[in-house]
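**Q** Next one to model:
(one chain, ligands or ions: 1)
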Amino acid sequence: MKIAFFDVKPYTEEAFRPYAESLGWEMRFYDTKLGIHTASLATGCDAVCIFVNDDASAPVIDRLHELGVKVIALRCAGYNNVDLSHAFGRVHVVHVPAYSPYAVAEHTMAMLLTSIRRIHKAYNRTREFNFSLNGLTGFDLHGKTVGVVGTGRIGRVFADICKGFGMRVLAYDKYPAADAGLPYVTLPELYRESDIISLHCPLTPETHHLIDREAIGMMKKGVTLINTSRGALIDAEALLEGIKARQVGAACLDVYEEEGDIFFEDFSGHIVEDDTLARLISMPNVLVTSHQAFLTREALDNIAETTVGNLQAFFDTGCCQNELCYRCGRVETCKKERCARCF
Ligand code: NAI
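**A** Residues are numbered from 1 along each chain as shown. Here you go, the predicted model:
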């Protein structure tokens with residue numbers, strides 16, 4: 001088995017390297033991202049292993065197909081960077097549906113607490129022996145209303161954490177789950193009622209810019225917005241306007257619409273060309289982390305284990321539970337239902 005890994009960081013290699021040794025697989029680790037100009041690095045490989053900001057659009061899939069690559073193994077849950085319908089019939093796509101919802105949900109709460117209790121500012125102040133409390137006034141979470149958009153694995157864990165803080169939870173999901181035990185409301189209702197809104201739904205054409213000017217206009221004045229899902233759920237320009245108008249009281253962003261060429265890299269000492277990101281970061285009430293919510297030891301281990309398991313299942317048995325459904329529409333003849341490769 002030969003696998004080309006793209007967008008590799010030291011912590012990725014650390015998690016996968018032991019499997020290369022124990023299984024005798026050839027793993028090629030590239031720090032560059034997958035794209036049309038780098039796809040040929042997968043020459044001779046059975047599979048490529050990619051992450052959130054790699055490009056698996058139609059032309060890249062065609063190139064991988066030409067090279068004989070059989071599988072794209074996503075080492076993440078989200079797959080908005082893969083043209084799934086184009087992949088159907090060409091390259092199989094597997095992903096890691098869940099590796100630690102706790103990692104992301106706990107980071108969401110960490111960002112919320114850091115932001116509203118000004119921990120990041122206090123940390124910097126005390127390092128300079130500035131013990132003044134001016135400007136650090138926060139607010140209690142207890143008794144506040146949090147609106148959770150998307151009540152899948154992560155949204156539910158975050159809702160549970162919020163309940164532990166004595167918060168009132170409101171939920172919205174396009175497909176509400178009867179067993180979630182959450183009070184579902186409409187989106188406008190959630191916007192109107194929530195002091196804090198946290199996004200936990202996938203990025204799809206439907207959820208692209210879910211939070212736009214109109215949505216922000218419906219929210220409570222001073223709302224705290226948290227996005228640990230995908231950047232393009234929020235229209236960043238509309239968010240900036242909302243912040244300047246004091247409509248948005250604080251924003252916690254682990255993801256950003258145009259993060260692809262920026263996040264995961266060290267740009268200190270460089271001029272960042274993205275004015276919108278620069279303006280957001282310059283705001284005193286905006287907290288940005290660089291797509292870090294998943295980054296716990298447990299999550300990295302689970303990602304590596306599941307990804308290797310996906311490839312083993314695919315190549316050894318021809319059936320992988322985590323092969324992504326292409327929604328080919330052929331319900332009666334669905335091979336996945338019968339535990340076989342989709343095509
Ligand atoms: P999940 O698939 O368990 O839950 C997603 C939920 O969103 C489902 O309940 C689904 O019904 C709902 N949903 C789908 N379309 C919707 C819509 N139009 N409006 C409202 N809800 C909708 O996914 P999970 O594991 O909870 O992950 C959620 C998202 O978190 C992922 O899609 C991914 O983008 C993001 N993520 C971010 C990470 C990070 O490091 N920042 C790490 C892992 C995931």
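**Q** just the helices in the stretch 151-300 of the chain please.
**A** Under the criterion DSSP state H, counting those that start in this stretch, helices of the stretch 151-300 of the chain are mapped to 153-164, 187-193, 213-218, 236-244, 275-282, 297-312.
**Q** Buried deepest among those, which one?
**A** The highest mean neighbour count among the helices of the stretch 151-300 of the chain, using mean count of other C-beta atoms under 10 Å, belongs to helix 153-164: a mean of 21. Where you see a C-beta, it was placed from the backbone N, CA and C, and this is true even at glycine.
**Q** is the ligand contacted by that one?
**A** Yes - using C-beta under 6 Å from any ligand atom, we find that helix 153-164 touches the ligand at 153, 154, 155.
**Q** Let me have the residues you listed in a markdown table, extended by distance to residue 23.
**A** Shown next, in a markdown table, are those (distance: C-beta to C-beta, whole Å):
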| residue | distance to residue 23 |
| --- | --- |
| 153 | 28 |
| 154 | 30 |
| 155 | 35 |
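**Q** so which of the residues you listed comes closest to residue 55?
**A** Nearest to residue 55 among those is residue 154, at 24.4 Å by C-beta to C-beta.
**Q** Is it correct that that closest one is in contact with residue 199?
**A** No - with contact defined as C-beta atoms under 8 Å, residue 154 does not count as touching residue 199 (10.0 Å).
**Q** which one is the residue of the stretch 51-200 of the chain found nearest the ligand nearest to, not counting chain neighbours?
**A** Nearest residue of the stretch 51-200 of the chain to the ligand (C-beta to the nearest ligand atom) works out as residue 152 at 1.7 Å. Take residue 152 and drop its neighbours on the chain: the residue closest to it by C-beta to C-beta, 6 or more residues apart in numbering is residue 200, 6.6 Å away.
**Q** ok, now which ones touch the one you found?
**A** Neighbour list for residue 200: 108, 148, 149, 150, 151, 152, 154, 155, 158, 228, 229 [criterion: C-beta atoms under 8 Å, 6 or more residues apart in numbering].
**Q** try 6 Å
**A** Neighbouring residues of residue 200 by C-beta atoms under 6 Å, 6 or more residues apart in numbering: 150, 154, 155, 229.
**Q** wait, doesn't the first one sit right on residue 202?
**A** Think residue 150. No - contact between residue 150 and residue 202 fails when scored by C-beta atoms under 6 Å: they sit 7.4 Å apart.
**Q** Comparing those two, which residue is more hemmed in?
**A** Neighbours were counted for residue 150 and for residue 202 using other C-beta atoms under 10 Å; residue 150 has more, 23 against 16.
**Q** Leaving out sequence neighbours, find the closest residue to that one.
**A** Counting by C-beta to C-beta, 6+ apart, the residue nearest residue 150 is residue 201, at 3.0 Å.
**Q** Can you give me the distance of that neighbour to residue 223?
**A** As judged by C-beta to C-beta, to the nearest Å, residue 201 and residue 223 stand 18 Å apart.
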